[in-house]
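Q: Let me see the structure of the following:
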Amino acid sequence: MIGASTAHRVADGWIYGFPELDKAQRAKLLASRRISNPGCYPTGAIAILRPLVDAGIVRADSTPAVFGVSGYTGGGKELIAVHERTGQGQPEVEPFGLYGLELTHKHVPEMKKYSHLKHAPLFVPSVGHYAQGMLITVPITRDIVAKKVTAMDVHQVLSDYYAGETFVPVRPLADRKWLERDRFLRADRLVDTNSMELAVYGNEAEEQILAVASLDNLGKGASGAAVQVINLKTGVDETTGLAVAA
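A: Below you'll find the predicted structure:
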């Protein structure tokens, strides 16, 4: 059984359906009959934070900030209807908007649990007026690290953690090849794939580091993740039926 709702994502007896979570996760998924499909935002946030917490770079007792933007399909039928409505007299929809400003978003508990954090991260999501794709950013700031680190240190930890993973490639440090016009990181660049690309950027002079996850909120952030687990459970190649970004 794969549960797609938030109801079981942090419940005892349920295994989180993120095969790349750690080296033991696939074995746990194979042994379990109760699997919870991850949320889209947590997939990106956990992919960044879990390796850094386990490596002792980000303190488990810190409060990381997680920011993200998703296409409107991430909001379900009601939000899709708002953004795709037609006809005269309809009010204009927001081109971009923050939400979850109560700071109690339903995705926070799974971010906390599977990132191995002792406190809830500060999570602020947003939605853009486009259908699919998302970006999640986590600033690796002085106040959350256990020691002085560089962007290269962060990049090395992520690269080592996901070495060999088909669906979670780590881009070269400060990679600009995936930027549109050498400037813009599009949120929709991985649409219709099960890939989640991670990247690290830094300003060494100011000791500033930014980690970014890019994925399709309906792919690796939803149904793609479920198909990947089904493939694992049924013994077929994990990539069966799933597109991988070039």
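Q: alpha carbons only for contacts and neighbour counts from here, please
A: Will do.
Q: which of the residues in the least confident helix or strand in the chain by mean pLDDT are buried?
A: When each helix and strand of the chain is scored by mean pLDDT, DSSP states H and E, helix 76-84 comes last, with a mean of 84. Going by neighbour count (16 or more other C-alpha atoms under 10 Å), the buried part of helix 76-84 is 80, 83.
Q: How about stretch 29-43?
A: Using 16+ other C-alpha under 10 Å as the test for burial, stretch 29-43 gives 29-30, 34-43.
Q: and which of the residues you listed is nearest residue 226?
A: Nearest to residue 226 out of the buried residues of stretch 29-43 is residue 37 (C-alpha to C-alpha; 6.2 Å).
Q: My guess is that closest one contacts residue 19. True?
A: No: counting by C-alpha atoms under 8 Å, residue 37 sits too far from residue 19 to count as a contact (10.6 Å).
Q: ok, and the closest non-adjacent residue to the most centrally placed residue in the chain?
A: Centroid-nearest residue in the chain: residue 44, 1.2 Å away (criterion: C-alpha atoms, centre = their mean). Spatial nearest neighbour of residue 44, excluding adjacent residues (C-alpha to C-alpha, 6 or more residues apart in numbering): residue 213 at 5.2 Å.
Q: what's across from that neighbour in the sheet?
A: Using DSSP bridges, the beta-bridge partners of residue 213 come out as residue 136, residue 198.
Q: Could you tell me which residues make contact with it?
A: Residues in contact with residue 213 (C-alpha atoms under 8 Å, 6 or more residues apart in numbering) are 44-45, 47-48, 135-137, 196-199.
Q: Residue 237 belongs to a strand?
A: No: when classified by DSSP: H, G, I helix; E, B strand; the rest coil, residue 237 is found to be coil rather than part of a strand.
Q: what's the burial count for the nearest residue to it once chain neighbours are set aside?
A: In space, and not counting its chain neighbours, residue 237 is closest to residue 231: 6.3 Å by C-alpha to C-alpha, 6+ apart. Residue 231 has 17 neighbours, counted by other C-alpha atoms under 10 Å.
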